[in-house]
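Chemist: only geometry, no sequence info:
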């Protein structure tokens with residue numbers, strides 16, 4: 001069935017567009033968008049955009065909280081959003097999560113290199129200051145009980161804990177990745 005979908009995908013591409021078989025296969029492996037369940041809270045839509053005081057939801061049995069604002073309705077609109085785990089629950093990353101194919105390519109690549117699993121708490125702050133501008137992200141991941149298998153290291157790491165900070169350095173503005 002996968003091969004039939006692959007061949008149909010290749011055959012549907014117009015002749016003037018060149019696509020490699022690997023790109024067509026990647027399109028097939030991407031899952032549906034990540035779906036939120038048990039959503040509660042408020043999103044206030046006005047002519048100027050969307051204000052989100054606090055929106056709670058479950059994704060893959062993990063509780064998340066979203067807050068912030070989006071200044072307009074275009075895909076390139078400025079925004080300032082915070083996404084984090086619930087105060088009362090850890091994020092549980094299973095050994096084989098269902099939504100790997102739905103991750104943005106850089107995140108998916110990092111996941112496939114490390115294959116993390118376990119429990120953590122996290123908060124991510126994403127911001128775009130001007131229409132169509134660069135998206136800046138910063139955040140903190142507090143690993144409570146983690147494990148990973150780096151693709152270039154033959155031994156698994158278990159019972160890991162610590163903190164990962166990422167984003168622009170507050171003093172210099174230079175992107176950083178700090179592991180404590």
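Modeler: That came in fine, so what should we check first? The structure presented is a predicted model; accordingly, all values stated were derived computationally and were not measured.

Chemist: ok, the residue most central in space within the chain to residue 46 distance?
Modeler: Central residue of the chain (CA atoms, centre = their mean): residue 103, 5.5 Å from the mean position. Separation of residue 103 from residue 46 (CB to CB, to the nearest Å): 31 Å. The C-beta positions use only the backbone N, C-alpha and C, and glycine is treated the same way.

Chemist: beta partners for the closest residue to residue 89 other than its chain neighbours?
Modeler: Nearest residue to residue 89 in three dimensions, chain neighbours excluded: residue 63, at 4.8 Å (CB to CB, 6 or more residues apart in numbering). Applying DSSP bridges to residue 63 gives these bridge partners: residue 58.

Chemist: show me what contacts the nearest residue to residue 133 once chain neighbours are set aside?
Modeler: Nearest non-adjacent residue to residue 133, counting by CB to CB, 6+ apart: residue 78, 7.2 Å away. With contact set as CB atoms under 8 Å, 6 or more residues apart in numbering, residue 78 has these partners: 70, 71, 72, 128, 129, 130, 131, 133.

Chemist: repeat that with 6 Å
Modeler: 71, 128, 129, 130 (CB atoms under 6 Å, 6 or more residues apart in numbering).

Chemist: next one: residue 52
Modeler: Residue 52 touches 43, 66, 67, 68, counting by CB under 6 Å, 6+ apart.

Chemist: what's the helix or strand for the first one?
Modeler: The one in question is residue 43. Assigned by DSSP states H and E, residue 43 falls within strand 37-46.

Chemist: Check the offset of that strand from the chain's centre.
Modeler: 20 Å (CA atoms, centre = their mean, to the nearest Å).

Chemist: So which other helices or strands are in contact with it?
Modeler: Judged by 3 or more CB pairs under 6 Å, 6 or more residues apart in numbering; DSSP states H and E, strand 37-46 is in contact with strand 49-59.

Chemist: Figure out the helix or strand that the closest residue to residue 143 other than its chain neighbours lives in.
Modeler: Closest residue in space to residue 143, ignoring its immediate chain neighbours: residue 120 at 4.8 Å, by CB to CB, 6+ apart. According to DSSP H and E, residue 120 maps onto strand 117-128.

Chemist: What's the mean pLDDT across the helix or strand following that strand?
Modeler: Sequence order places strand 136-148 as the next helix or strand after strand 117-128, per DSSP H and E. Mean pLDDT, strand 136-148: 93.
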